[in-house]
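Asks: I'll drop the sequence and a predicted model, then ask my questions.
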Amino acid sequence: MKNLNFFEIKSKSKILNDLVSIKDNNDPFVDYFNFDVKFVSPDVINKDPFLCALNKSHRFNAAILRINQNSIYNWHIDDNRGVSVNMLIDGGASHCIFTNEQYAVVNNIQELKYEPKTYYALNVQNYHSVINFEKPRYMFSLEFDEDKNILTFDQLIKEMHG
């Protein structure tokens, strides 16, 4: 079955240590669309060849998102974004799940099990949710300048396969 929810990007992160340093520094997290975030500077992005090339073809903002322990980011479809690129920095017992069905009392789900230093393109126009347990979850996430009507998950994946 073709996976329509997420896609593993083969280029491994070159900036994980930088992201951990940003996560752990004394700068405060700020509220951004129901997340606590720290924005990541272009200087850090430019250290990673994959992100540098992606930013040239599709401009984006990058941030570290924090979800507190024992919380859930309920089922939703992103309002404006068609696609996101994410990488787990630190997560403990947490689950990112998708469904291709309409939201219901019972849904079939697919879990994205993050691998270390691995970027994933996410189809955020499908229902998805994050359930987090024992400790805060930190995610590196890209928000493209192009909205869902201009840049879609399928389009980005097609471009990556050239």
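Replies: Looks like it arrived, so ask away. Since the model is a prediction, treat every value here as computed from it, not as a measurement. Numbers count the residues shown, from 1 in each chain.
Asks: Got phi/psi on the residue nearest the centre of the chain?
Replies: Centroid-nearest residue in the chain: Asn86, 2.7 Å away (criterion: Cα atoms, centre = their mean). Main-chain torsions, Asn86, degrees, to the nearest 10: phi -130, psi 160.
Asks: what sits against the residue lying closest to it once chain neighbours are set aside?
Replies: Leaving aside its chain neighbours, Asn86 sits nearest to Ser141 (4.8 Å; criterion: Cβ to Cβ, 6 or more residues apart in numbering). To be clear about C-beta, it is placed using only N, CA and C from the backbone, and glycine gets the same treatment. Contact analysis of Ser141 by Cβ atoms under 8 Å, 6 or more residues apart in numbering lists 62-65, 84-86.
Asks: Now restrict these to buried residues only.
Replies: 62-65, 84-86 (16 or more other Cβ atoms under 10 Å).
Asks: List the contacts of the residue nearest to Asn34 when sequence neighbours are not counted.
Replies: Nearest non-adjacent residue to Asn34, counting by Cβ to Cβ, 6+ apart: Tyr73, 7.4 Å away. Neighbour list for Tyr73: 34, 67, 129-130, 132 [criterion: Cβ under 8 Å, 6+ apart].
Asks: Those into TSV, with extra columns for distance to Lys23, pLDDT and neighbour count?
Replies: Formatted as TSV, the contacts of Tyr73 follow (distance: Cβ to Cβ, whole Å; pLDDT from 0 to 100; neighbours: other Cβ atoms under 10 Å):
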residue	distance to Lys23	pLDDT	neighbour count
Asn34	19	82	9
Ile67	13	94	19
Ser129	23	95	17
Val130	17	95	19
Asn132	15	95	21
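Asks: Let me know the secondary structure of Ile157.
Replies: At Ile157 the chain is in helix, as set by DSSP: H, G, I helix; E, B strand; the rest coil.
Asks: tally of neighbours for it?
Replies: 17 (other Cβ atoms under 10 Å).
Asks: and the residue nearest to it when sequence neighbours are not counted, what are its bridge partners?
Replies: Excluding the flanking residues, the one nearest Ile157 by Cβ to Cβ, 6+ apart is Phe7, at 5.2 Å. Under DSSP bridges, the beta-bridge partners of Phe7 are Ala121.
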